[in-house]
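# Got a sequence here, can you build the structure:
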Amino acid sequence: MSAFAQQIERSQTQVSRSIGIHPVRNIGEKLARHIEHSFCLPQFWLDIDHTHQEMPVKAYFNHLNQEKYLELHQILSDILLAVKEHRIDEVTYTQLLEMARQANKTTEKNAESFDSSNTLSFTPAKD
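Okay, here's the model as predicted:
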């Protein structure tokens, strides 16, 4: 639990209240989104029942963290370097800006469709 608490930047006491052996609190929407962000998971991933998933949860975390995160990190690093070196032309800049706006709209739409009164209960997976 120590590594998990450190990964989500919360104290072990705070984490154990929600996912310990005897949890006394549900995970709220805000903490759920923070946990997803901390583990590079898609938004609202924790809202889905993954008990019948073919790939074990631990393997899924590793897959996302190793492949998607590293790929996106490399892409963003390349873009940042191109901006610093003034290699981004107006057309490319406009395309990147539109992609960022589109991603932001999708995120806002997903957040609006989520009922913020819902709370989550988390049970650690048994691998």
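
# Flag the helix or strand of the protein with the lowest per-element mean pLDDT.
In the chain, no helix or strand scores lower on mean pLDDT, DSSP states H and E than helix 57-63, which sits at a mean of 65.

# and residue 40, backbone torsions?
phi 60, psi 40 (degrees, to the nearest 10).

# scratch that, residue 27 is what I was asking about
Main-chain dihedrals, residue 27, degrees, to the nearest 10: phi -80, psi 120.

# Next: residue 22.
phi -130, psi 80.

# and it, what does it touch?
Under the criterion of CB atoms under 8 Å, 6 or more residues apart in numbering, residue 22 has no neighbours. Placement of C-beta: from N, CA and C, glycine included.

# quick one: it from residue 2, how far?
Between residue 22 and residue 2 the distance, using CB to CB, to the nearest Å, works out to 18 Å.

# low-confidence ranges in this protein?
Within the chain, the set of residues satisfying pLDDT under 70 comprises 53-66, 106-127.

# got the residue ranges for the helices in it?
2-7, 12-19, 29-38, 57-63, 70-84, 90-113 (DSSP state H).

# between these, which one is nearest to residue 51?
Among these, the nearest to residue 51 by CB to CB is helix 57-63 (9.1 Å).
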